[in-house]
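Visitor: Just need the structure, nothing else, for what follows:
(2 chains)
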Amino acid sequence: MSTTYLEAIREGLWEEMERDPNVFLLGEDIGVYGGAFKVTAGFFEHFGEKRVVDTPISEAAIVGAAIGAGFMGLRPVAEMQFADFISCGFDQIVNFAAKCRYRWNAPVPIVVRAPSGGGIHGGPYHSQNPEMWFVKTPGLKVVAPATAYDAKGLIKSAIRDNDPVIFFEHKGLYRRIKEDLPTEDYTVPIGKAKVVREGRDLSIVPYGAMVWVALEVADKLAAEGASVEVVDLRTLLPLDRDTVCASVRKTSKVLLVHEDTRTAGMAGELAISITESVFEYLDGPILRVTAPDTPVPYSPPLEDAFLPNTAKVLEKARWLWKY
Amino acid sequence: MSAVHIARPGRHTKKAAAPDPQAELAHKCLYYMLLMREVEDRIERKLYRQGKIMGGVYVGRGQEAIPVGTALLARPEDVLFPCHRDMAVFFIRGVPLGRIFAQYMGRVDGLTRGREGNMHMGDLKLNIVSIISALAATVPVAAGAAMALRYQGKDGVCFSYFGDGATSRGDWHEGVNLATVQKAPVIFICNNNQYAYSTPLNLQMACANVADRGAAYNMPAEIVDGNDVFAVHEATKRALEHARSGRGPYLLECKTFRMTGHSAHDAAHYVPPGMFDEWGKLDPITRLQAEMLENGWAAQEDLDAVRARIQQEIDEAVAWAEKSPFPDPATLLDDVYESQTPQHGA
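Guide: Numbers count the residues shown, from 1 in each chain, chains lettered A, B, ... in the order given. All right, here's what the predicted structure looks like:
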């Protein structure tokens, strides 16, 4: 039976809670209501109020309480209702959780789930991709799965990890994609990118929802005779530069794609990393397709113009292939 | 603005026949309060000025009764969240003095191995959680730790320490709100020393007392003479009884005065003339010693002996800390994560 991206996250959470009594959930409206996106629907009834904690509207308290519970040996999974609200808990994440192990050897085994991304006409405060705020913070791990398989495997790895993990789940993928998942327990390692399509002529490196755009572009270019490789980053911190650079060594051309805005986005970091490691393999400029440097607009024509899409990526990819 | 004078309670004045538990408590309190005073004096007035301690130095001079009166009641399963003027918490929990000096001097034997300075230290094995510089950030963390203690069926209580200024921050309100909604076992201990850096209370909050904030959270709150260690100790018992019995958080506002600037580099010119003198008369150590002499719990030579013993302990600890090496720069990248990755820092 096929499992959606949302169901995959739910299954991962559920199975980890069954496996380990120290795992518990906290967040806004996650209990009786089952969460704004219903990721935790049914959890309250099954696991009870002790393990599914409805909190006040207090992101700093949610993250802070998760940190405190983590110190005591529990494995909290905190839900931000939308990734956009994670800024309200920012200090707890970047100044508290991220630095405790380095400062005083105190592990912070927490997961902060953050439903992110646009394409749902949510406007400036229900659509953002704030991952780079956290990628700039040593001590955090940041993941952004694109598939149902990876979403389930990564949420499990995140819960079992002894460092704080920010789990960006793309809202636009929640119910849009599905696949058959293994029935047995599995995890996906944090810190490992994945070549999701092999190719020889050009590498496209996306993450999150843009992986599906890149795969569509690869299909279209295949019809034109190009062999496109797609590398799904999956984890943004620690960044798997090796897998990206290996792909560039193979194809000699690379297009970086993200839904996040342009300046100081992941593409910039990848471009310099590629230049540092495999410059001599390049047969063309490193290019990027990203959202522009604006807030995420609400009205459909504006949001469509904002978001990278197949047409925009195809144009750049084709140009680079022919370069 | 004048010093807040609080009527001394009438208890503890009876002449006691040995062994008097109150006398024993007095000796214990005196030792830790004096140790804190002398350790911080050594840090601020000697080692810092000698350049052996770098960065910022913050002391709790005149406020020693608060960490001592509270933390002496902590059980091993209780979790303590000291703030930056609560040095005695570390002594009471058994952190060796030498490691504290090593911490301040940036040596590998400090609690943070040179990654952090001054009071920014903790030890999870001793159930002490480190502050971060954004004060009040530990308040929601304490709430979560308290929820975890209950989750685990333990009857521990979290001791959440902060100053008056911290109660202006959103983290404080979010943390207290969550803790009270959850009826989590936390006691909130406010060191109200009347200044947040240079900002006096009346520019910090519109209410007269931090304790007034308790009502907004349906949380019992009491005002305590923070310069009377017995008063702090008694109030802490009440707070702990409340929190341990499952009735939720309890707020203690310990009124005191910061007998220094905010930090070693702050001469506190903004404090109105006379306030240091006025509050100096209420010094918690002087008061405790007078009470001990008056009650026959100690003779002057006993008090002198305590002071001499402490000086010797400090001399030995400083010598030990100075022998501790500075951290090896090759360890710079260690411990950002549990398992380092090849990419990290490359």
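Visitor: got a list of what A:R10 touches?
Guide: A:39-41 (C-beta atoms under 8 Å, 6 or more residues apart in numbering or on different chains). Just so you know, the C-beta spots here come from the backbone N, C-alpha and C atoms, and that holds for glycine as well.
Visitor: who wins for neighbours among these?
Guide: Counting neighbours by other C-beta atoms under 10 Å in any protein chain shown, the top entry in the contacts of A:R10 is A:T40, with 25 neighbours.
Visitor: Chain neighbours aside, what residue packs nearest to A:I159?
Guide: Excluding its sequence neighbours, the residue lying closest to A:I159 (C-beta to C-beta, 6 or more residues apart in numbering or on different chains) is A:E16, at 4.6 Å.
Visitor: which of the contacts of A:R10 lies closest to B:D302?
Guide: A:T40 (62.2 Å; C-beta to C-beta).
Visitor: Could you check how far the closest one is from A:I120?
Guide: Noted for A:T40: a distance of 19 Å to A:I120, by C-beta to C-beta, to the nearest Å.
Visitor: How many residues are close by residue 232?
Guide: Just so you know, I chose chain A. Using other C-beta under 10 Å, the number of residues around A:D232 comes to 26.
Visitor: my question was about chain B
Guide: 27.
Visitor: Wait, A:L154 touches A:V188, no?
Guide: Yes - using C-beta atoms under 8 Å, A:L154 is in contact with A:V188, at 4.9 Å.
Visitor: Counting neighbours, go ahead and name the busier of the two.
Guide: Taking neighbours as other C-beta under 10 Å, A:L154 and A:V188 compare with A:L154 leading, 30 against 22.
Visitor: Name the helix or strand for that one, please.
Guide: Per DSSP states H and E: A:L154 is located in helix A:148-160.
Visitor: Contacts for that helix next, please.
Guide: Helix A:148-160 has contacts (C-beta under 8 Å, 6+ apart) with A:3-5, A:7-9, A:11-13, A:15-16, A:20, A:23, A:75, A:77, A:111, A:113, A:141, A:143, A:145, A:165, A:167, A:169, A:177-179, A:181, A:185-190, A:194, A:232, A:234-235.
Visitor: Now the common contact residues for A:L154 and A:V188.
Guide: Common contacts of A:L154 and A:V188 (C-beta under 8 Å, 6+ apart): A:145, A:234.
Visitor: Return the member of the contacts of A:R10 nearest to chain B.
Guide: Taking C-beta to the nearest C-beta as the measure, chain B lies nearest A:T40 of the contacts of A:R10, at 17.7 Å.
Visitor: Give the helix, strand or coil label for the nearest residue to that closest one once chain neighbours are set aside.
Guide: Nearest residue to A:T40 in three dimensions, chain neighbours excluded: A:I30, at 4.6 Å (C-beta to C-beta, 6+ apart). Assigned state for A:I30: coil (three-state reduction, DSSP: H, G, I helix; E, B strand; the rest coil).
Visitor: gap between A:I30 and A:F47?
Guide: Taking C-beta to C-beta, one finds A:I30 at 11 Å from A:F47.
Visitor: pretty sure the residue nearest to A:I159 is touching A:V23, no?
Guide: Yes - counting by C-beta under 8 Å, A:E16 does reach A:V23; the two are 5.0 Å apart.
Visitor: Narrow the contacts of helix A:148-160 to those in strands?
Guide: Counting by DSSP state E, the contacts of helix A:148-160 place A:3-4, A:23, A:75, A:77, A:111, A:113, A:141, A:143, A:165, A:167, A:169, A:178-179, A:194, A:232, A:235 in strands.
Visitor: List only buried entries from the residues you listed.
Guide: Buried members of these, counted by 16 or more other C-beta atoms under 10 Å in any protein chain shown: A:3-4, A:23, A:75, A:77, A:111, A:113, A:141, A:143, A:165, A:167, A:169, A:178, A:194, A:232, A:235.
Visitor: between these, which is nearest B:D78?
Guide: Minimum distance to B:D78 across those is 22.2 Å, recorded for A:R75 (C-beta to C-beta).
Visitor: residues near the closest residue to A:P124 other than its chain neighbours, how many?
Guide: Using C-beta to C-beta, 6+ apart and skipping residues adjacent in sequence, the residue nearest A:P124 is A:P295, 4.3 Å away. For A:P295, the count of nearby residues is 12 (other C-beta under 10 Å).
Visitor: My guess is A:P295 contacts A:H126. True?
Guide: No - using C-beta under 8 Å as the test, A:P295 is too far from A:H126 to be in contact (11.6 Å).
Visitor: so where do the strands sit in chain B?
Guide: Listed in chain order, the strands of chain B (DSSP E) span residues B:79-81, B:158-163, B:186-192, B:195-196, B:199-200, B:221-225, B:250-255.
Visitor: Okay, angle between the host helix or strand of A:A60 and strand B:158-163 too, please.
Guide: In this structure, A:A60 sits in helix A:59-71 according to DSSP H and E. Angle between the axes of helix A:59-71 and strand B:158-163 is 130 degrees (criterion: axes from the mean of the first three to the mean of the last three C-alpha atoms, to 10 degrees).
Visitor: Now do helix A:59-71: which elements does it pack against?
Guide: With contacts taken as 3 or more C-beta pairs under 8 Å, 6 or more residues apart in numbering or on different chains; DSSP states H and E, helix A:59-71 sits against strand A:23-27, strand A:75-79, helix B:138-151, helix B:170-181.
Visitor: Indicate which one of these is closest to B:S245.
Guide: Of all the helices and strands packed on helix A:59-71, helix B:138-151 comes closest under C-beta to C-beta, at 12.2 Å.
Visitor: Quick check: which ranges of the chain have low pLDDT?
Guide: Let's take chain A. Within chain A, no range satisfies pLDDT under 70.
Visitor: not what I meant, chain B
Guide: Checking chain B against pLDDT under 70 turns up B:1-18, B:341-346.
Visitor: residue ranges for the helices of it, please.
Guide: B:21-41, B:65-71, B:88-92, B:97-104, B:138-151, B:170-181, B:229-244, B:275-280, B:284-294, B:300-323 (DSSP state H).
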